[in-house]
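> Sequence first, predicted coordinates after that:
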Amino acid sequence: MTTTILLTGAAGGVGTLLRELLPPYGYRLRLADLEPIDGAGDSLAFDLRDADAVRDAVRGVDAVVHLGGISLEDTFANILGSNIEGTYHLYEACRLEGVRRVVFASSNHAVGFTPLGGDGLIGSDIPPRPDTYYGLSKVFGEGLASLYADKYGVQTVSLRIGSCFPRPRSPRMLSTWLSPADCARLVHAALTAPDVGHTVVNGISANTRAWWDLTSARALGYDPQDDAEAYAEEITAQYGDLPADHVDARLLGGFFTQTG
């Protein structure tokens, strides 16, 4: 039987990639974003702040991949509406409609003030250290996922995504890159792993220069195939090596940790 997935934020950067990459795994996608998506069959346009519209979108699906909301820093008022209230509406709709699996797009910015350069790789069990209102909204989303898993049985895998682009764009991304193909592999693992409760995993490829540990992601069945090192010569020729005192080399959230 085909599994129907509600993909929120389907017109965004990661959502656009997953629209092509998830169906080969056997998923039927119901796409959702603020505006209609041209050429999409099962597509809905609504605001996550509209609780009734969110519930209508969730009705009849088997699981949700929640990418929707503001994906960069913004005013607290805007983050509150789209990312915090919107994510609450999503989880409440799942509870009411009996949807029992969510894949939540969290972010490295939920732990952006985590120092780099310590002993070993950074696990997914570190405490929240958000670097922005955006990062704070991801901490809220992870907390909401934990509550709804424990209290209502809506299980979630929260993906602390690094940098998901077709190719890395900077020296920092040689450590944080998540290739589109590996992103689809990670989402598929998060949708199909049994008894996840609320599980937080790091979302990167098998990067030679990785800062993050992938143990919890691999435990779900994630088997990353790509490595940003394939682009290292090109990136370093363009930008040079990352200085040790640069914010991108000192803190996980990089420039998001700066004021102004």
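Received, thanks. Numbering: from 1, shown residues only.
> Okay, and the residue most central in space within the chain sits in which element?
Centroid-nearest residue in the chain, with C-alpha atoms, centre = their mean: Ala105, separated by 2.5 Å. When elements are defined using DSSP states H and E, Ala105 is found to belong to strand 101-107.
> What mean pLDDT does that strand get?
Strand 101-107 shows an average pLDDT of 98 in the prediction.
> In terms of secondary structure, what does that strand contact?
The contact analysis (3 or more C-beta pairs under 8 Å, 6 or more residues apart in numbering; DSSP states H and E) places strand 101-107 against strand 63-66, helix 86-97, helix 133-152, strand 155-161, helix 180-192. C-beta coordinates here come from the backbone N, C-alpha and C atoms, glycine included.
> With mean neighbour count, distance to Trp212 and mean pLDDT as new columns, can the ones you listed be given to me in TSV?
As requested, the helices and strands packed on strand 101-107 are exported to TSV (neighbours: other C-beta atoms under 10 Å; distance: least, C-beta to C-beta, whole Å; pLDDT from 0 to 100):
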stretch	mean neighbour count	distance to Trp212	mean pLDDT
strand 63-66	26	21	98
helix 86-97	21	23	98
helix 133-152	20	15	98
strand 155-161	26	8	98
helix 180-192	22	12	98
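> of all those, which lies closest to Gly15?
strand 63-66 (8.4 Å; C-beta to C-beta).
> where are the low-confidence patches of the chain?
1-2, 260 (pLDDT under 70).
> For it, which segments are assigned as helices?
For the chain, applying DSSP state H gives helices covering 13-21, 51-58, 76-79, 86-97, 133-152, 173-176, 180-192, 215-219, 232-239, 247-250.
> Dump the ones you listed to TSV, plus distance to Arg209.
Formatted as TSV, the entries for these read as follows, by distance: least, C-beta to C-beta, whole Å:
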stretch	distance to Arg209
helix 13-21	22
helix 51-58	39
helix 76-79	31
helix 86-97	32
helix 133-152	22
helix 173-176	5
helix 180-192	15
helix 215-219	17
helix 232-239	8
helix 247-250	11
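> what's the closest of these to Asp38?
Put simply, out of the helices of the chain the one that sits nearest Asp38 is helix 13-21, at 11.8 Å, with distance taken as C-beta to C-beta.
> Next, the angle helix 180-192 makes with the closest one.
Counting by axes from the mean of the first three to the mean of the last three C-alpha atoms, to 10 degrees, helix 13-21 points 80 degrees away from the direction of helix 180-192.
> Counting by contacts, list what helix 13-21 packs against.
Using 3+ C-beta pairs under 8 Å, 6+ apart, helix 13-21 is in contact with strand 3-8, strand 27-33, helix 180-192.
> For those, give me CSV that also has distance to Thr199.
Output for these, formatted as CSV (distance: least, C-beta to C-beta, whole Å):
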stretch, distance to Thr199
strand 3-8, 18
strand 27-33, 20
helix 180-192, 8
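> quick one, which of those is nearest to Val99?
In this view, those are compared for proximity to Val99 by C-beta to C-beta, and strand 3-8 is the closest at 8.1 Å.
> Give the pairing partners of that closest one; include direction for each.
Strand 3-8 has the following strand partners under DSSP bridges: strand 27-33 (parallel), strand 63-66 (parallel).
> How far off centre is stretch 208-225?
14 Å (C-alpha atoms, centre = their mean, to the nearest Å).
> Now that stretch: buried residues?
Within stretch 208-225, the residues that qualify as buried are 209-214, 216-217, 220, 222, 224, counting by 16 or more other C-beta atoms under 10 Å.
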